[in-house]
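K.L.:
Please find the sequence and the predicted model below.
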Amino acid sequence: MTTTAELTSVVEAAHAAFLKARSATPETRATWLESVADELDAEASELIEIAGRETHLGEQRLAGELRRSTFQLRLFAEEIRSGEHLDATIDHADPGWGMGPRPDIRRVNVPLGVVGVFGASNFPFAFSVAGGDTASALAAGCAVVHKAHEAHRELAARTAAAVVRGLEKAGAPAGLFALVTGREAGVALVEHPLVKAIGFTGSTAGGRALMDVAAARSEPIPFYGELGGINAVVVTPAAWDERREQILADYAGSFTLGMGQFCTKPGLLFVPAGEDAELEEPLVNALRDVPLHPLLAERLHDGFAEAVGEVSSQPGVRVLVPGSFDEAPRPTVLVAEARDALADPELLRREMFGPASVIVRYADATELHGLVDTLEGQLTTAIHGTDRDAADESIDELSEKLAERSGRVLWNGWPTGVTVSYAQHHGGPYPATSSNTTSVGTAAIRRFLRPVAYQSWPEARLPEPLRDDNLWGVPQRVDGVWKRPERKGA
C-alpha cells in the first residue's frame with residue numbers, strides 16, 4: 001500500500017510534470033495519448049488474461065472493453081488536435097462597443113493541474129487505470145494520479161506500467177501519470193493541496209464520502225463522481241400490446257449483462273397492469289440460458305444478496321422469478337404494483353448491484369406519472385413506445401419528466417450500451433452523479449479545464465491559441481464570429 005509520504009512524493013512529481021507539459025501543443029499531446037493506446041494494444045493478450053483472472057469477466061467482454069479504451073484515447077487525441085476544447089475567444093479593442101469602449105480581451109481554457117482518479121471495479125479497462133477519467137484528464141493537459149481499485153490490483157499495476165511506457169516513448173515529462181494503492185492513499189490524494197480535481201466511478205456511499213472530503217478542504221475542488229443509478233424503463237400500453245414478449249426478452253438480456261454489474265442496468269421496468277403469468281413464462285424462458293459467472297468480488301456478492309433480500313421483503317413485493325445466491329448467482333425478478341411503490345418510494349431507490357431487477361405495474365397514466373415523479377436522479381431512463389405514441393403530444397410530458405431526472409433518455413432502447421462519441425452524455429442529477437458533466441465522450445475533457453481571460457496583453461506574450469496569427473490553427477471566436485482555419489501542425 002502507498003504510504004502518505006509516498007503519496008506526497010508522487011503528487012509533487014505529477015505537479016512538476018504538469019508544469020512542464022501544460023504548454024505542449026495539441027499535436028504533441030495527441031501523440032502522447034496515441035502512444036499510450038499503442039502500448040495497451042501491444043499488451044492486450046496479457047492484460048485480458050490478468051483481467052479475466054481477477055474479475056471473472058469473460059474474454060470477449062474484456063477484449064471489447066479494452067478496444068473501447070484504446071479507441072477512446074485515439075478519439076480524444078483527434079479531439080484535442082481540433083482545438084475545440086480550448087474555446088479560444090478573442091474580442092479586439094472596440095471604442096464603439098455598445099456599453100462603452102471595450103478593451104482587448106481574450107479567453108482560453110487551461111488545464112487544472114494534477115487530477116486524482118479513482119477506478120471502478122466493474123469496468124477494469126473502460127473506467128479504470130487507462131479509462132475515461134484518465135484519458136480525458138491527460139487530454140485536457142493535466143497530470144493524473146490514479147488510485148487502483150483493490151478488486152484488480154495486478155491488472156492495475158500492469159496497465160499503469162503500459163501507460164507510463166507509452167508516455168515515456170512519446171516524450172512526455174516523467175511523472176505525468178502515476179499509480180497509488182490503498183484506502184489511506186486514496187483519502188490523502190483527495191486532501192492533497194496540489195490535487196485540483198477528482199474523477200470517481202463507484203458506489204454512492206464511497207463517492208459521497210470522498211466528495212465530502214473534497215468539499216471540506218480549505219480549497220474545495222471539483223469532484224466528478226459517477227455514482228450509478230436505477231435506470232427506470234417505461235413501457236407504454238401500446239408497446240406492451242404490440243411486442244410484450246420481445247420487450248421482456250430484451251429486458252432480461254439487458255439487466256443480466258455482465259451479471260447485472262453495469263451502472264446502466266435497467267433496475268426498474270414500468271409496465272401496464274395485468275397478471276403475473278403474462279410476465280413469468282417469457283422471463284423464465286429468456287433467463288434460462290443467461291451466461292452465469294461469479295460477481296466481481298465476495299463483498300459485492302454479499303451486498304447483492306442483502307439488497308435483494310431487503311427489496312423483496314418490502315410490502316407488496318412478490319418474487320416473480322426466483323434466483324439464487326450461489327457463487328454464480330441466478331437472476332432474480334421481483335414485481336410490485338404501482339400503489340405499493342408509491343406508498344413506499346424506497347422500492348424505487350434501492351440499487352441491487354447484480355443480476356436482479358424490479359417490474360412495477362401501473363394501472364393508468366396517473367400512476368405512471370406518479371412513479372416517474374418519485375424517481376431520484378438517474379444516469380439513464382427510457383421509453384418503449386410505438387409510432388402511434390411518437391405522434392401523440394401526451395408523450396412529451398412523460399419525456400420531459402424523464403429528462404429532468406436523467407442525463408440520457410432512450411427511445412425503444414436499453415441503457416446497457418454507452419458508446420464513446422461527441423454527443424454522448426453519461427451523467428445525471430444526484431445521486432446518479434455529483435455534477436452536471438459527463439464522464440463519457442469527448443465533452444468529458446472539459447471537466448478538467450478552466451477559463452482564463454487575458455486583458456490588454458502583449459500579443460507576443462499571449463498563449464498560442466489567443467494570438468492573431470493562430471499558428472496552432474485552432475478554432476477562434478473573433479469578435480463574435482467563429483473562424484476554423486486549417487490546422488498548421490505542431
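P.N.:
Yep, it's here. Numbering: from 1, shown residues only.
K.L.:
Quick check, central residue of the protein?
P.N.:
Of all residues in the chain, the one closest to the mean position by C-alpha atoms, centre = their mean is Ser439, 3.7 Å from it.
K.L.:
Find the nearest non-adjacent residue to it, please.
P.N.:
Glu226 (4.8 Å; C-beta to C-beta, 6 or more residues apart in numbering). The C-beta positions use only the backbone N, C-alpha and C, and glycine is treated the same way.
K.L.:
repeat for Glu12
P.N.:
Sequence neighbours aside, Leu194 is the residue nearest to Glu12 in space, at 6.7 Å (criterion: C-beta to C-beta, 6+ apart).
K.L.:
Just give the number of residues close to that neighbour.
P.N.:
When counting by other C-beta atoms under 10 Å, one arrives at 15 neighbours for Leu194.
K.L.:
Please identify the helix or strand for Ile359.
P.N.:
strand 356-362 (DSSP states H and E).
K.L.:
how far does that strand sit from the chain's center?
P.N.:
Relative to the chain's own centre, strand 356-362 is displaced by 25 Å; criterion: C-alpha atoms, centre = their mean, to the nearest Å.
K.L.:
List the buried residues in it.
P.N.:
Under the neighbour-count criterion of 16 or more other C-beta atoms under 10 Å, strand 356-362 has 356-362 buried.
K.L.:
confidence score at the residue nearest to Glu12?
P.N.:
pLDDT, Leu194: 98.
K.L.:
Output the longest helix along the chain as PDB, restricted to C-alpha atoms.
P.N.:
Identified as the longest helix of the chain according to DSSP state H is helix 59-82. The C-alpha coordinates for helix 59-82 follow below in PDB (Å, rounded to 0.1, in the frame of the first residue of the first chain):
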ATOM      1  CA  GLU A  59     -12.600 -12.800 -22.600                       C
ATOM      2  CA  GLN A  60     -14.900 -11.400 -25.200                       C
ATOM      3  CA  ARG A  61     -16.300  -8.800 -22.900                       C
ATOM      4  CA  LEU A  62     -12.800  -7.800 -21.700                       C
ATOM      5  CA  ALA A  63     -11.400  -7.600 -25.200                       C
ATOM      6  CA  GLY A  64     -14.200  -5.400 -26.300                       C
ATOM      7  CA  GLU A  65     -13.700  -3.200 -23.200                       C
ATOM      8  CA  LEU A  66     -10.000  -2.800 -23.900                       C
ATOM      9  CA  ARG A  67     -10.700  -1.900 -27.600                       C
ATOM     10  CA  ARG A  68     -13.100   0.700 -26.300                       C
ATOM     11  CA  SER A  69     -10.400   2.200 -24.100                       C
ATOM     12  CA  THR A  70      -7.800   2.400 -26.800                       C
ATOM     13  CA  PHE A  71     -10.400   3.800 -29.300                       C
ATOM     14  CA  GLN A  72     -11.300   6.400 -26.700                       C
ATOM     15  CA  LEU A  73      -7.600   7.500 -26.300                       C
ATOM     16  CA  ARG A  74      -7.300   7.900 -30.100                       C
ATOM     17  CA  LEU A  75     -10.600   9.700 -30.400                       C
ATOM     18  CA  PHE A  76      -9.600  12.200 -27.600                       C
ATOM     19  CA  ALA A  77      -6.300  12.700 -29.500                       C
ATOM     20  CA  GLU A  78      -8.200  13.800 -32.600                       C
ATOM     21  CA  GLU A  79     -10.500  16.000 -30.500                       C
ATOM     22  CA  ILE A  80      -7.600  17.900 -28.900                       C
ATOM     23  CA  ARG A  81      -5.900  18.200 -32.300                       C
ATOM     24  CA  SER A  82      -9.000  20.100 -33.400                       C
END
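K.L.:
if I pick Leu66, what's in contact with it?
P.N.:
Contact analysis of Leu66 by C-beta atoms under 8 Å, 6 or more residues apart in numbering lists 40, 44, 47-48, 125.
K.L.:
Go through those residues and name the one nearest Cys263.
P.N.:
Closest approach between the contacts of Leu66 and Cys263, by C-beta to C-beta: Phe125, at 14.9 Å.
K.L.:
low pLDDT regions in this structure?
P.N.:
487-490 (pLDDT under 70).
K.L.:
Give me the domain ranges for it.
P.N.:
Partitioning the chain according to automatic domain parsing yields domains covering residues 4-227+436-482, 232-411.
K.L.:
Relative to the whole chain's centre, how far out is the last one?
P.N.:
The gap between where domain 232-411 is centred and where its chain is centred comes out at 21 Å by C-alpha atoms, centre = their mean.
K.L.:
Now the terminal residues of it, how far apart.
P.N.:
Using C-alpha to C-alpha, to the nearest Å, the end-to-end distance of domain 232-411 comes to 12 Å.
K.L.:
One more: stretch 253-273?
P.N.:
Terminal residues of stretch 253-273 lie 22 Å apart, using C-alpha to C-alpha.
K.L.:
Okay, buried residues for it please.
P.N.:
254-272.
K.L.:
and what of stretch 348-356?
P.N.:
Those would be 348, 351-356, for stretch 348-356 by 16+ other C-beta under 10 Å.
K.L.:
Repeat that for stretch 390-405.
P.N.:
Buried, per 16+ other C-beta under 10 Å, within stretch 390-405: 395, 398, 401-402, 405.
K.L.:
What strands flank the strand holding Ile359, and is each parallel or antiparallel?
P.N.:
Within its sheet, strand 356-362 is paired with strand 268-272 (parallel), strand 332-337 (parallel), according to DSSP bridges.
K.L.:
tally of neighbours for Arg102?
P.N.:
Neighbour tally, Arg102, other C-beta under 10 Å: 15.
K.L.:
Need the domains of the chain in TSV (columns: distance to Gly427).
P.N.:
TSV is the format used below for the domains of the chain (distance: least, C-beta to C-beta, whole Å):
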stretch	distance to Gly427
domain 4-227+436-482	5
domain 232-411	4
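K.L.:
Indicate which one of these is closest to Thr419.
P.N.:
Closest among the domains of the chain, using C-beta to C-beta: domain 4-227+436-482, at 8.1 Å.
K.L.:
what's the distance between the host helix or strand of Val144 and the middle of its chain?
P.N.:
Per DSSP H and E, Val144 falls inside strand 143-147. From the chain centre to the centre of strand 143-147 is a distance of 17 Å (C-alpha atoms, centre = their mean).
K.L.:
need the strands for the stretch 51-200 of the chain, in chain order.
P.N.:
Assigned by DSSP state E, counting those that start in this stretch, the stretch 51-200 of the chain shows strands spanning 88-91, 105-111, 114-118, 143-147, 177-180, 195-201.
K.L.:
residue contacts, the residue nearest to Ser439?
P.N.:
Taking C-beta under 8 Å, 6+ apart, we find Glu226 in contact with 127, 200-202, 207, 263, 379, 426-427, 432-433, 439.
K.L.:
beta partners for it?
P.N.:
Thr201, Thr433.
K.L.:
For Thr159, see how far away it is.
P.N.:
Noted for Glu226: a distance of 19 Å to Thr159, by C-beta to C-beta, to the nearest Å.
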